[in-house]
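Engineer: Okay, predicted coordinates and the sequence, questions at the end:
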Amino acid sequence: MTDQWMAACGLDCEECSIRRIPFDRRAADECTRWFRNMGWLEEGEGVSEIIDRGMYCNGCKGDRSIHWSVSADGDVECWILDCCVDRRGLESCAACVDFPCDRLTEWSKQNAEYSGAYARLQRISREDAPA
């Protein structure tokens, strides 16, 4: 994983299906099924509608007009992106003076992927700490 594809929360976005929609057929098919199940796409809609509507992502550091967590009215729905990048101007939570905060700690307990992201942020925070 490169730093370019690490999300503010520590997730590895490089292999993320939502990011890969425009250039990876398998990821696009997977996301199309998921988006239909969630009610975000109608039956018969597919990849072209996903791309036209900007329902894919270029990572937290990418173009916000094509980011999964930005609503139609332009508000950021990802609380971590909002707190870390928008309000604090940081690259990741590891750079925050409040790291690790209670909310991020609780978030990390939701699943193994979030737990791994949290561990990644802890490692980065330790590496960047003054000697």
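Structural biologist: That came through fine.
Engineer: I'd like the distance between Val97 and Arg88.
Structural biologist: Remark: distance between Val97 and Arg88 (C-beta to C-beta, to the nearest Å) = 9 Å. Placement of C-beta: from N, CA and C, glycine included.
Engineer: With Gly54 instead?
Structural biologist: 25 Å.
Engineer: Same check on Asp128?
Structural biologist: Distance from Asp128 to Arg88, by C-beta to C-beta: 15 Å.
Engineer: In terms of neighbours, single out the busier of the two.
Structural biologist: More crowded of Asp128 and Arg88, by other C-beta atoms under 10 Å: Arg88, with 15 against 10.
Engineer: what's the longest helix in the protein?
Structural biologist: helix 112-128 (DSSP state H).
Engineer: Now do the buried residues in stretch 90-98.
Structural biologist: Residues of stretch 90-98 classed as buried: Leu90, Ser92, Cys93, Ala94, Ala95, Cys96 (neighbour count, 16 or more other C-beta atoms under 10 Å).
Engineer: ok, the first one - contacts?
Structural biologist: Read it as Leu90. Shown in contact with Leu90 (C-beta atoms under 8 Å, 6 or more residues apart in numbering): Ala8, Cys84, Cys96.
Engineer: ok, now the second one?
Structural biologist: With contact set as C-beta under 8 Å, 6+ apart, Ser92 has these partners: Met6, Ala7, Ala8, Cys9, Gly10, Cys84, Leu121, Ile124.
Engineer: Report pLDDT for it.
Structural biologist: Ser92 is assigned a pLDDT of 92 by the prediction.
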